[in-house]
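A.B. asks: Fold the following, please.
(chains A and B, ligands or ions: 2)
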Amino acid sequence: MSAPLSPGKAVVLERVRKSYGPVEVLRDFSLEITAGSFCTLLGASGSGKTTLLKLIAGFETLDGGAIQIGGRDVSHVPVNRRNIGMVFQNYALFPHMSVRDNVAFGLEMRRVPKAEAAPRITEALAMVGLEGLERRAPRELSGGQQQRVALARALVIRPDILLMDEPLGALDKTLRASLQRQIKQLQARLGVTIIFVTHDQEEALHMSDLIVVLEKGRIEQAGTPQELYRRPANRFVASFLGECNILTLDGTPHGIRPEKLRLGAMASTLPHRREGVVSELTFLGPHLRVTADTAEGPLTALTDADHATACRLGERILLGFSGEDAMPLADSPNATP
Amino acid sequence: MAGGSAGRHLGWAVLPLGVVLAVLFLWPVAQLLGLSFDSPAGPLGHYARILAVPAYRTALATTFQIAALVTLLAVLLAYPLAYLMATVPPRVAKLLTLCVLLPFWTSALVRTTAWIILLQRNGVLNALLTGSGLLEAPVAFVYNLSGVLIGMSHVLMPFVVLPLYGAFRGIDQNLVHAAETLGAGPWALCRRIFLPLTAPGVMAGATIVFMNALGYYITPSLMGGPAQTMVAQLIAFNINQQLDWGLAGALSLAMLLATLAVFFLFQAVFGLERLMGGAHASGRIGTPFALGPRGRSPGGRVMALLGAGVALFLIAPVLVVFPMSLGSSPFLAFPPQNFSLRWYEEFFSRPQWMASVWNSLTVAGIAVAGSTLLGTAAALGLSRLRGPLARLVETAFLLPMIVPHIILAIGLFGMMAPWGLVRGPWALGLAHIVVAAPFVVITVRAALRGVDPNLELAALGLGAGWFTMFRRVLLPGILPGIASGAVFAFITSFDDVVLALFLTNVRSRTLPKLMYEGVAHEINPTITAVAALIVLFTVLVLLLNLLLQRRAR
Ligand SMILES: Nc1ncnc2c1ncn2[C@@H]1O[C@H](COP(=O)(O)OP(=O)(O)OP(=O)(O)O)[C@@H](O)[C@H]1O
Ligand SMILES: [Mg+2]
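C.D. replies: Ligands and ions are numbered 1, 2, ... in the order given. Predicted structure coming up:
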């Protein structure tokens, strides 16, 4: 295998601001992404993910702040000089060019000599498993194949960073999973910095080194998947990433993951207990999802399916958890005016 | 099956229009062409003469040259304008669209009149240029090649601008973004992305322009000189002056074959849909391309400036008739001194003008009623036909739009004059049905595609008979299409000169024909008043159409 095609570069956003008319989409947005890492922007629709990518790529101009790529301030550098790869949700392949010409385009723009370009194109297409489809037109390819062409087209130019805006959003579930794996492997091999947008939290958990949870143009929390799952900073992050029960402990809100709630006999030995009536039972194969109505509202637990015999709809049940599994939650930055 | 036999046999509804076209279109045209093989010097005698006489050979060459030049000019001028339209805020784009559509729908005769007023030796342009000292002596812009090129590209350019604008709007913003991230600057974007992606739209428009230009009659005969004599003028000359029907027929066949060759070439390469429906990019997701926040590149700024110039070129002649018609001097002078409504009074008080208005409206009435009825039925019938038959019938229905009007005019003249039909409105009315019905077929077909076929089936499934279903479900759905078709039919009839020149006489002549006679002689101020009124009237009809479409939505 060849050496890494491009050592990725670090991206630094400093107090970035962007408004569309009266709508302030990003306010004082700061973030550091280390070179070669996989960073996912996760957030609800309209939270500003695409806007952020557009600013990094240069499709939009900053209202304030600065963006650095690999230590260079690119705030005023036009798009075509930023050396950025971009993959779009709708693939955006050039419909009038063959697969090969699509991949060759970036090299032509960089005036790479033909003799050097040819092996690079072949290698890029091989990398995404598309050997033999060089002469096809984009419309003759499936969605997954088109997105892999887009990936090859973006990577062949050896970009400093690769931006991906919901690249897998239009694909079905199995294809998504296989492309997720492929992208991860490519990144490990090439060492390129990736900024990836999704609103699929599982995708974010599977792929990222760094997850940035966005809401209304602000960072709710940034951290590794483990940090975000085990120590969510606030209610919003707790319930946005995975399922979470919110209850009050010592007068402050705490989150507790369903898989940390114990039921029945196993609950009775634990320090914190709640009592409730089973209102919902869902069989999930290896697990059973149990929802019980308690004085603090419904609580959901995830247990081994073997416990199925222990729970019946409408019966009273004891739920318990240990103190270390309760995660203290602060207020969200968006909650304060 | 409650659908009943009416629904199943709907395909037969194409028949009435088919019969009308056979009798009033195919037959007279075939007759004319047939005459071309009847000569004392053997069946190819007339053709031999065309090739032998230098004047005819030159006219054939001139016709192709002018058509090619006009097509080239139209494309070159359309690009900056379409680019400008696609990159300005929606409101400005609407205004620019108006600048394109207004001349598009005003009578070609009005525009030709306006250009002559602007360009002639004592015209507006020369007055401005000599007045400002840019020119020492007036320059001849008209009655020569420049006159023909200006007049014809003005008339025909919208056929390129509109599909080109559609093509620009069909370019996905993400494609442009993708190209930019890959390193494309403004020039590379233009050459590698915009040009190839808009090429099909341009080709469609250019084909229409070229086909139309080949058969042009009015503009070259009014704005050109002897050196710009085109085939259509020779055809008319042989009918009017020489009474040589055989030679006219031979010239017609030559022109027709050239036109059809272009048409079928296009159809083979791009398909008919594209020609008739403009160039719509396939249904891609994504937003249409727009200007980035960094604004235009220097090249883009030049293009935008040129585009604004082209918009002015399109709208200026339509607007200039207003001030010109308000002057009080019997000679056209710019700027007009002493405003007055004198020429409007003249128009309304002269019986010959009023009679021609009445004739025009009668003919338009016949044309609208006939073409709407036949065209709607034909569109309904076409929607039930499948396979090669459907394609054949559809092509046949569109032929009247493609065959140069001068050929149809002469063919019908030969057929109807002996019956004395040209004394009344019928000869012209029937001819206008032939040329207007294709518009109705197209608009109603488009509307039919928009009606959900499931709705139709649901209504039938609920037990409605076919006629009830038609009245309650189908008709309301296609009514806007029928209305647009009727408006187009009206404008087509009301603006026509070529057919009117041959199919009416002194008593039955229409408004455009009377104007034509005036313009060919000398433009007097009354004609500018008439032109201004026609522009106003066209605006009103277009607004009405817009209103109808809004209401329907
Ligand atoms: N060109 C624009 N003009 C005006 N407002 C805009 C524009 N682009 C985005 N916005 C607004 O900015 C906010 C953030 O939009 P953005 O596209 O960044 O969201 P997103 O997180 O990518 O959402 P999604 O998940 O739906 O793609 C939204 O409220 C949106 O309405
Ligand atoms: Mg988005």
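
A.B. asks: a helix runs through A:Arg274, doesn't it?
C.D. replies: No - per DSSP: H, G, I helix; E, B strand; the rest coil, A:Arg274 lies outside any helix segment and is strand.

A.B. asks: A:Leu247 is in contact with that one, correct?
C.D. replies: Yes - if you go by CB atoms under 8 Å, A:Arg274 and A:Leu247 touch, sitting 7.4 Å apart. In short, each C-beta sits where N, CA and C put it, glycine included.

A.B. asks: Now for the two: what residues contact both?
C.D. replies: By CB atoms under 8 Å, 6 or more residues apart in numbering or on different chains, A:Arg274 and A:Leu247 have these common neighbours: A:Glu296, A:Leu299.

A.B. asks: what's the closest non-adjacent residue to B:Ala364?
C.D. replies: B:Ser493 (4.3 Å; CB to CB, 6 or more residues apart in numbering or on different chains).

A.B. asks: and the helix or strand that neighbour falls within, what other elements does it pack with?
C.D. replies: Taking DSSP states H and E as the criterion, B:Ser493 maps to helix B:475-495. When contacts are defined as 3 or more CB pairs under 8 Å, 6 or more residues apart in numbering or on different chains; DSSP states H and E, helix B:475-495 packs onto helix B:351-384, helix B:426-450, helix B:511-521, helix B:525-552.

A.B. asks: Now the element after the first one, going C-ward?
C.D. replies: Taking DSSP H and E as the definition, the helix or strand that follows helix B:351-384 towards the C-terminus is helix B:387-402.

A.B. asks: so after that next one, what's the next helix or strand?
C.D. replies: Taking DSSP H and E, what comes next after helix B:387-402 is helix B:405-416.

A.B. asks: what does that following helix rub up against?
C.D. replies: By CB under 8 Å, 6+ apart, helix B:405-416 touches B:24-25, B:27-29, B:31-32, B:215, B:217, B:232, B:235-236, B:239, B:245, B:248, B:252, B:255-256, B:400, B:422, B:427, B:430-431, B:434-435, B:496, B:498-499, B:501-503.

A.B. asks: Those residues in helices, which ones?
C.D. replies: B:27-29, B:31-32, B:232, B:235-236, B:245, B:248, B:252, B:255-256, B:400, B:427, B:430-431, B:434-435, B:498-499, B:501-503 (DSSP state H).

A.B. asks: can you pull the contacts of residue 256?
C.D. replies: You didn't pick a chain, so chain A it is. Neighbours of A:Ile256 in contact, by CB under 8 Å, 6+ apart: A:Cys244, A:Asn245, A:Leu247, A:Phe321, A:Asp325, A:Ala326, A:Met327.

A.B. asks: Chain B, not that one
C.D. replies: Contacts of B:Leu256 (CB under 8 Å, 6+ apart): B:Val29, B:Leu33, B:Val403, B:Pro404, B:Ile407.

A.B. asks: Would you mark the buried spots in the helix or strand hosting A:Glu123?
C.D. replies: Using DSSP H and E, A:Glu123 falls within helix A:114-127. Going by neighbour count (16 or more other CB atoms under 10 Å in any protein chain shown), the buried part of helix A:114-127 is A:Ala117, A:Arg120, A:Ile121, A:Ala124, A:Leu125, A:Met127.

A.B. asks: Of these, which are in range of chain B?
C.D. replies: Counting by CB under 8 Å from any CB of the partner chain, nothing from the buried residues of helix A:114-127 sits close to chain B.

A.B. asks: Settle this for me: B:Leu430 is touching B:Leu24, isn't it.
C.D. replies: Yes - counting by CB under 8 Å, B:Leu24 is a contact partner of B:Leu430 at 5.6 Å.

A.B. asks: Please pull out the lowest mean pLDDT helix or strand from the chain.
C.D. replies: Using chain A. Lowest mean confidence among the helices and strands of chain A (mean pLDDT, DSSP states H and E): helix A:265-268, at a mean of 84.

A.B. asks: That was the other one, I meant chain B.
C.D. replies: Scanning chain B with mean pLDDT, DSSP H and E, the lowest is helix B:272-277, at a mean of 55.

A.B. asks: I'd like the mean pLDDT over the helix holding B:Ser493, please.
C.D. replies: Across helix B:475-495, pLDDT averages out at 90.

A.B. asks: repeat for stretch B:52-64
C.D. replies: pLDDT averaged over stretch B:52-64 gives 93.

A.B. asks: got it, and stretch B:368-383?
C.D. replies: In the prediction, stretch B:368-383 has an average pLDDT of 94.

A.B. asks: picking up where we left off before, will you turn the contacts of A:Ile256 into CSV that also has secondary structure and neighbour count?
C.D. replies: Output for those, formatted as CSV (DSSP: H, G, I helix; E, B strand; the rest coil; neighbours: other CB atoms under 10 Å in any protein chain shown):
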residue, secondary structure, neighbour count
A:Cys244, coil, 21
A:Asn245, strand, 25
A:Leu247, strand, 18
A:Phe321, strand, 24
A:Asp325, helix, 17
A:Ala326, coil, 21
A:Met327, strand, 21
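
A.B. asks: Relative to chain B, which of the residues you listed is nearest.
C.D. replies: A:Cys244 (33.9 Å; CB to the nearest CB).

A.B. asks: is it true that that closest one touches A:Arg257?
C.D. replies: Yes - applying CB under 8 Å, one finds A:Cys244 in contact with A:Arg257, separated by 6.1 Å.

A.B. asks: quick check, A:Arg111 in a helix?
C.D. replies: No - checked against three-state DSSP, A:Arg111 lies outside a helix; its state is coil.

A.B. asks: Neighbours of it, how many?
C.D. replies: 8 (other CB atoms under 10 Å in any protein chain shown).
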